[in-house]
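Colleague: Provide a 3D model corresponding to the input given below.
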Amino acid sequence: MRWDNLMASDESGPDALFGVDDVIRRTFDTPEFRGMTFYEVRAQSILNKVPGQSRMPFEWTVNPYRGCSHACVYCFARRTHQYLDLDTGIDFDSKIVVKVNAPELLRRQLMSARWAGNHIAMGTNVDPYQRVEGRYRLMPGILEALRDARNPFSILTKGTLVLRDLGLLREAAKVTDVTVNVSVGFVDGALWRRVEPGAPAPRARLGVCRTLTDAGIGCGVLMAPVLPYLTDSVSQLEATVCAIAEAGARSVTPLVLHLRPGAREWYLAWLEREHPELVSRYRELYGAGAYAPKAYRQNISARVNVLARRYGIGASVPGEARRTPARRTAVRERRMVASASTTTNPQAEQLRLL
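Modeller: Reported below is the predicted structural model:
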C-alpha cells in the first residue's frame, strides 16, 4: 500500500499526511467486521480545503474515514483509494483508513488564529457514520470540538448511528448553525440490497429524519442518487417523495447519478451483471462523461419539485446547492467553551446539498 500518496485533502492536495511507520493494521473477528481491514493512522491535518474548480457547494470538509463499508456500487469517492494503490471496488468497501486522532487534531486546528470559522461539511466523501464509527467513536469528539468552537457544520449520512450523538447535535445547535441531511435516493427495498448492501435500509434512514426533526434538529433529505431507468419512473419518484414527506423532512433535493472514474467502472460492471439490457442505454446517456445530460437532470428536478409541493415538503433546489454562509466568530470567542445552558438557539438555515 502506498501511504506516501495519501493526500492532505480527500478531494485534492500535494502533501502526504503520514508515512508508513505511522500505520497500524487491524482486523476484528466479529460478524459485522469480518473480511474487513482497518488502517489506523495519525493524520497531520483534518481540515480539507475543497479545490476551487470543484462542483461542491462548500469550501471545507472533515473526513475521519477513507473507504466505506456501505459498499454502494455507485459511490463517487471510490477513486480516492487509487492514491493508496488499492482498487476502487472490493478494497474500497473493505479496507478502511481510520484517522484515529481526528477529534484532537480538529480541536487544535479550530483554535488556530488562522481559522476563520467557516462552515465545515462532513459526509461529503465517505460517511462518518458508517459501521466502523460504532467501534472507533470519532464523531463525538469531532462534534464536541465544533460545539466548543461554535463552528457551523453540516452532516450528510446514510447511517442510523447519527442518533447516538443526538444530544451533542442539540447542544451544538444552541450555539451555532447545525444541519443534518440523510441520503435516500429511493425506497425500493429489493434494489437497496443490491446497490447499497452495507447501508441501513432507506426506511431506517427516513426514521432518522423523523427522530431528528422531532428533536428539533431540522433534517432534509438528499434524494440521491436517482438511478436512470431503475428509480426514475413516475411511480418510483412519487413513492420516494411521499415517504420523505411522511418522515417530516424539511426539504428534498434530488441528485441524478454521476459516474466519475473509479465509480463508473464498478457501477457499469454491476449493471452488466444485474441489468445487461441497460448497459447500452447508460453508455448513450453518459457518453464519456460523468454526468447525465442537463435536460435529463432538469426534468428529474422539476418532477420532484412538483411532488414536493404536492406532499407539502419545502421546495427542493434544482441545480447547484446553496452554500450556508459561514459565521465568522471572533477567535477569542471560539476559544471559549460554549455553555449549552446559557446560550440561546439561533435559527439555522438549511444547507441543501445537490
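Colleague: please point out which parts of stretch 157-165 sit buried.
Modeller: Of the residues in stretch 157-165, 157, 158, 159, 160, 161, 162, 165 count as buried by neighbour count, 16 or more other Cβ atoms under 10 Å. Any C-beta I mention is one placed from the backbone N, CA and C, and that applies to glycine too.
Colleague: farthest-apart pair in the residues you listed, please.
Modeller: 158 and 165 (15.2 Å; Cβ to Cβ).
Colleague: just give the nearest non-adjacent residue to residue 199, would you?
Modeller: Nearest residue to residue 199, sequence neighbours excluded (Cβ to Cβ, 6 or more residues apart in numbering): residue 70, at 4.1 Å.
Colleague: on that earlier part again, closest to residue 213 among the buried residues of stretch 157-165?
Modeller: Taking the buried residues of stretch 157-165 together and measuring to residue 213 by Cβ to Cβ, the closest member is residue 162, at 12.9 Å.
Colleague: is it correct that that closest one is in contact with residue 180?
Modeller: Yes - applying Cβ atoms under 8 Å as the test, residue 162 and residue 180 come out as touching, 6.8 Å apart.
Colleague: shared neighbours of these two, which are they?
Modeller: The contact sets of residue 162 and residue 180 overlap at 155, 169, 212 (Cβ atoms under 8 Å, 6 or more residues apart in numbering).
Colleague: the first one pairs with what?
Modeller: Here residue 155 shows beta-bridge partners residue 122, residue 180, assigned using DSSP bridges.
Colleague: might one say that it is in contact with residue 179?
Modeller: Yes - using Cβ under 8 Å, residue 155 makes contact with residue 179 at a distance of 7.3 Å.
Colleague: tell me the contacts of residue 244?
Modeller: Counting by Cβ under 8 Å, 6+ apart, residue 244 has contacts 184, 206, 209, 221, 223, 252, 311, 313.
Colleague: only the buried residues of the helix or strand harbouring it, if you could.
Modeller: Assigned by DSSP states H and E, residue 244 falls within helix 234-246. Neighbour counts over helix 234-246 (16+ other Cβ under 10 Å) mark 236, 237, 238, 239, 240, 241, 243, 244, 245 as buried.
Colleague: in TSV, list those along with pLDDT.
Modeller: Shown next, in TSV, are the buried residues of helix 234-246 (pLDDT from 0 to 100):
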residue	pLDDT
236	98
237	98
238	98
239	98
240	98
241	98
243	98
244	98
245	97
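Colleague: residue 206 versus residue 142, what's the distance?
Modeller: Using Cβ to Cβ, to the nearest Å, residue 142 is found at 25 Å from residue 206.
Colleague: repeat that for residue 29.
Modeller: Taken as Cβ to Cβ, the span from residue 29 to residue 206 is 33 Å.
Colleague: please apply the same query to residue 291.
Modeller: In terms of Cβ to Cβ, residue 291 sits 27 Å off from residue 206.
Colleague: higher neighbour count, these two?
Modeller: Between residue 291 and residue 206, counting by other Cβ atoms under 10 Å, residue 206 is the more crowded of the two (23 against 16).
Colleague: dump the residue contacts of the nearest residue to that one once chain neighbours are set aside.
Modeller: Leaving aside its sequence neighbours, residue 206 sits nearest to residue 247 (Cβ to Cβ, 6+ apart; 3.9 Å). Residue 247 makes contacts with 206, 207, 209, 210, 213, 221, as judged by Cβ under 8 Å, 6+ apart.
Colleague: if we use 10 Å, what do you get?
Modeller: 182, 184, 203, 205-213, 219, 221, 313 (Cβ atoms under 10 Å, 6 or more residues apart in numbering).
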